[in-house]
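[1] Test case, fold it:
(2 chains, ligands or ions: 2)
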Amino acid sequence: MKGAVLRPLLPLLGALSLLALWQICTGLRLIDPFLLPGPVTMLQSLVDSLRAGPLLHDFLATIGRTLLSLLIALLIAVPLGILLGSSEKLYRAVEFIVDFFRSTPATAVFPLFLVFFGVGDSTKIAVAAFGASLVILFNTAYGVMNARKTRLLAARVMGASRLRVLVDVTLWESLPQTFIGIRSGVSLALVIVIVAEMFIGSRDGLGHSILDSQMLFEMPKMYAAIFLSGALGYGLNAVFLMIERRFIHWGGK
Amino acid sequence: MPLPTAAQTNAASPIATRPAAAERPAVVTPLKRNAGIEIKGLVKRFETATLYDGFDLTLPGEKITAVFGPNGCGKSTLINMIAGILPYDGGSILIDGKPIKSTRVAYVFQNYREAMFPWLRAVDNIRYPLKYQKLDPAEGERRLGKLLADFDVRFDINRYPYQLSGGQQQLVSIMRALIVQPEVLFLDEPFSALDYELTLMMRDQLQRVIVEREITTLLVSHDLDEAIYLSDHLLMLTRQPTRIADFVAIDLPRPRRVATLSDDGFVALKAHCLSVFEREVRRGGGGQL
Ligand SMILES: Nc1ncnc2c1ncn2[C@@H]1O[C@H](COP(=O)(O)OP(=O)(O)OP(=O)(O)O)[C@@H](O)[C@H]1O
Ligand SMILES: [Mg+2]
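    Ligands and ions are numbered 1, 2, ... in the order given. Below you'll find the predicted structure:
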C-alpha cells in the first residue's frame, strides 16, 4: 500500500536529491561557484533569459529545425522503408549501404553537406534529416519484413490484392516499429541540430546559445541553455511516446 | 486409395456452370453450387522432401470433411494448397470443376491472435472481408446480425480483439469467415488453443451453423473425438510421403450431442479409426517425433 502511494513520487524524489546535492556543493564551495553556479542562480537565469533574453528565440529555432528535419526524414524514409521491406531481394541489396551509413557518425558528413548546401540552415537540416531518415528507414523496413505471416495470409485468402494487403495489413503491422524509429530519429535529429548550431555558422539556436555563453563566460546562461536542451529532448520523446501509445493501442499485445 | 462412391457425386457439368459463376454479380442470391473438391496428381515438394507425389482425392460438396494424421504429415499444407494460399508443384485442384480463384472461400486459422487485425475493433474485423464482396451494406449488416444471433454472442463486439478472451477471439474469427457465406470453409485446428469446456461449446455451435448453411468444410483436427464428432467424412493421412490411410464415412445422425461421444456407433467408428492410425504409425516406423 505504502509503496504504491510513493511510487509516482520516486522520480521527483530523485530529481530533488540531485538539486539538493548540487546546492550543497556550491553552498560549501566544493566547486568554484563561478564554474558551477547553484541551481537557484541557474533557474533565475533561465527565467530571465527566457523572458528578456534571446533564449526563447533560440529554443524555438532549435525546435523548428529539429521538427523540419524530422518531417523531411519521414517523407523520405517511410515510403522507402516500406518499399525495401516488402521486397526481400531489394532489402538484401541495399542492406549493407543502409547499415554502413547508419554506423557512420552523422557529424562526420558535415563538411560534405557544407559543400552541397552551403553555410546556413539548409546544411543543419539536411544532415539531421539524413541521420534521422536512416534510423526511420531501417526500422520501417524491419517492421514491414516482420509483419505476421498469418495476418497477410488471412487478408489474401479473404480476397485482398497485393496492394490492399500492403495498405490494410503490412502498413499497420509495421507501425509499432516505425514509431520506435521515429523516436530514435527525433533524438538523433536534435543532437545533430544542436551540434550544427555550435559549429556551423549560426546566429541562433540552443547550440549557439550554449557555445556563446561559454565563450563569454556567462556560466548561468550556459547552464540554462543546457538544461533547456535536455528538457527539449525529454519533451520530444515524451510527446512522441504519447502519440504512439494513443495511436498504436494494440502494440505489444 | 479406394474412395466411397458417395464421394464422387459432384458431376455438375463445368460447361454449364462456368460462365454464370464467372460473372457472378453482387452475391445476393448465390447460384446454388455443390462445391465438391477434385484433386488430381497433386505434387508438393519442399527443399528437403517430397510431401505429396501424385496425390488424388475427391471430397464431397456441402459436407464436413475432417483431416486427421500424425504431426508433420502435411495436413496444413494440404488445406493451404486447396485454399489457394500455398503454391504446389504439379497436378490440379478444382472446385466444382473450376480453379479456386473463382470460388468464395474462408479460412479460420489456428492462431487467432495472429489472424485477427488488432487495429480494428472485433466488429470491424468481422466486416472486413465484405469489402471484397461487392455487397449491399445493408445485406452485410443483416448477415452480421444473423451471425451474432446464431452464435448467441453476448460480449461487446466493439472491443478490440486483444480485449477479448481466447474463445471470444476465435469466435470472432469464425464469424469473419462465415460472413462472406463461403462455398468452402477451411479450419486448421481452430479449437486447439481453447480449454475443454469452451471447445465442447464451440464445436456444437459450429456444427449447427455449418450444417444449416451446407458449406463444404475442411477441418484439420488433432483430436480424433472432435474429428469424428463434427465430420461427415474422415480423411486419415499417413506419415510422409503422404498417402490416404483411409477415408471413413461418418454416418452418425445429426445433431450430434455430447452424449453422441458414448454412442455405440461413435465408439465403433473411433475404434476403427484408431486401429487404422495404429497400423499406419507403426508402418511409418514410429518415433518421428
Ligand atoms: N515452408 C516450408 N519449408 C520446408 N518444409 C516445410 C514447409 N512447410 C511445411 N514443411 C514441412 O512439410 C511437412 C508438413 O507440414 P504441415 O505443416 O503441413 O504438417 P501438419 O500435418 O499440418 O502438422 P501439424 O500437425 O504439426 O500441424 C512438415 O514435415 C514440415 O516440416
Ligand atoms: Mg498443421
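
[2] need the longest helix for chain B.
    If you go by DSSP state H, chain B has its longest helix at helix B:264-283.

[3] counting contacts, what elements does it pack onto?
    helix B:224-230, strand B:233-237, strand B:244-249 (3 or more Cβ pairs under 8 Å, 6 or more residues apart in numbering or on different chains; DSSP states H and E). (Each C-beta comes from the backbone N, C-alpha and C, glycine too.)

[4] if you set the cut-off to 10 Å instead, what comes out?
    Secondary-structure packing of helix B:264-283 (3 or more Cβ pairs under 10 Å, 6 or more residues apart in numbering or on different chains; DSSP states H and E): strand B:64-68, helix B:224-230, strand B:233-237, strand B:244-249.

[5] Would stretch A:228-247 count as contacting chain B?
    Yes. Looking at stretch A:228-247 against chain B by Cβ under 10 Å from any Cβ of the partner chain, the contacts come from A:Phe247.

[6] Wasn't B:Tyr107 part of a helix?
    No. B:Tyr107: not assigned to a helix; according to DSSP: H, G, I helix; E, B strand; the rest coil it is strand.

[7] Isn't it up against B:Leu178?
    No. The criterion here is Cβ atoms under 10 Å, and B:Tyr107 misses it with B:Leu178 at 11.4 Å.

[8] overlap in contacts of these two?
    B:Leu185 (Cβ atoms under 10 Å, 6 or more residues apart in numbering or on different chains).

[9] low-scoring stretches of the stretch 151-289 of chain B, by residue?
    By pLDDT under 70, the low-scoring segments of the stretch 151-289 of chain B are B:284-289.

[10] residues contacting A:Met158?
    Contacts for A:Met158 were tallied using Cβ under 10 Å, 6+ apart; they are A:164-165, A:168, B:104-107, B:128-133, B:176-177, B:180, B:182.

[11] which of those are buried?
    Listed as buried from those are A:164-165, A:168, B:104-107, B:128-130, B:133, B:176-177, B:180, B:182; burial here means 16 or more other Cβ atoms under 10 Å in any protein chain shown.

[12] Inside helices: which ones of these?
    Applying DSSP H to the buried ones among the contacts of A:Met158, the entries found in helices are A:164-165, B:176-177.

[13] In JSON lines: those, plus distance to ligand 1.
    Output for these, formatted as JSON lines (distance: Cβ to the nearest ligand atom, whole Å):
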{"residue": "A:Arg164", "distance to ligand 1": "24"}
{"residue": "A:Val165", "distance to ligand 1": "19"}
{"residue": "B:Arg176", "distance to ligand 1": "22"}
{"residue": "B:Ala177", "distance to ligand 1": "19"}
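
[14] Dump these into JSON lines; add distance to A:Phe100 as well.
    Output for these, formatted as JSON lines (distance: Cβ to Cβ, whole Å):
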{"residue": "A:Arg164", "distance to A:Phe100": "35"}
{"residue": "A:Val165", "distance to A:Phe100": "31"}
{"residue": "B:Arg176", "distance to A:Phe100": "44"}
{"residue": "B:Ala177", "distance to A:Phe100": "46"}
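
[15] from those residues, which is closest to A:His249?
    Within those, the smallest distance to A:His249 is 20.1 Å, found for B:Arg176 (Cβ to Cβ).

[16] I'd like to know how many residues surround the closest residue to that closest one other than its chain neighbours.
    Computed as Cβ to Cβ, 6 or more residues apart in numbering or on different chains, the closest residue to B:Arg176 that is not its neighbour in sequence is B:Ile126, at 4.8 Å. Residues lying near B:Ile126 (other Cβ atoms under 10 Å in any protein chain shown) number 27.

[17] same deal with A:Ile226?
    When neighbours are counted by other Cβ under 10 Å, A:Ile226 registers 17.

[18] Now the closest residue to it other than its chain neighbours: which helix or strand?
    Counting by Cβ to Cβ, 6+ apart, A:Ile226 lies nearest to A:Ile210, which is 5.9 Å off, once chain neighbours are set aside. Assessed by DSSP states H and E, A:Ile210 sits inside helix A:206-215.

[19] residues touching B:Arg213, list them.
    B:62, B:150, B:178, B:181-182, B:185.

[20] rerun that using 8 Å as the cut-off
    B:178, B:181 (Cβ atoms under 8 Å, 6 or more residues apart in numbering or on different chains).

[21] any idea how far it lies from B:Leu206?
    Distance from B:Arg213 to B:Leu206, counting by Cβ to Cβ, to the nearest Å: 11 Å.

[22] just B:His272 next, same as before
    Distance from B:His272 to B:Leu206, by Cβ to Cβ: 24 Å.

[23] Then A:Leu21?
    Counting by Cβ to Cβ, the gap from A:Leu21 to B:Leu206 is 67 Å.

[24] With neighbour numbers in mind, choose between those two.
    B:Leu206 (23 against 10).

[25] State the distance from the more buried one to A:Leu28.
    Remark: distance between B:Leu206 and A:Leu28 (Cβ to Cβ) = 77 Å.

[26] Kindly report the same for B:Ser231.
    Distance from B:Ser231 to A:Leu28, counting by Cβ to Cβ: 85 Å.

[27] next one: B:Ala122
    64 Å.

[28] So these two - more neighbours on which side?
    Counted by other Cβ under 10 Å, B:Ala122 and A:Leu28 do not tie: B:Ala122 has more neighbours, with 27 against 8.

[29] Quick check: the more buried one touching B:Pro161?
    Yes. Contact criterion Cβ atoms under 8 Å: B:Ala122 and B:Pro161 qualify, at 5.8 Å.

[30] and for these two, which residues touch both?
    B:116, B:169, B:172.

[31] Give the buried residues for the helix holding A:Ile210.
    Under 16+ other Cβ under 10 Å, the buried positions of helix A:206-215 are A:206-213.

[32] Distance of the residue nearest to A:Ile226 relative to A:Leu18?
    In terms of Cβ to Cβ, A:Ile210 sits 20 Å off from A:Leu18.

[33] hey, where'd the strands end up in the stretch 51-200 of chain B?
    Taking DSSP state E, counting those that start in this stretch, the strands of the stretch 51-200 of chain B run over residues B:64-68, B:90-95, B:105-108, B:184-188.

[34] Using JSON lines, please lay out these together with distance to chain A.
    Listed next are the strands of the stretch 51-200 of chain B as JSON lines, based on distance: least, Cβ to the nearest Cβ, whole Å:
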{"stretch": "strand B:64-68", "distance to chain A": "17"}
{"stretch": "strand B:90-95", "distance to chain A": "14"}
{"stretch": "strand B:105-108", "distance to chain A": "4"}
{"stretch": "strand B:184-188", "distance to chain A": "8"}
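
[35] mind checking which of those strands is nearest A:Ala73?
    Short answer: strand B:105-108, nearest of those by Cβ to Cβ, at 39.0 Å.
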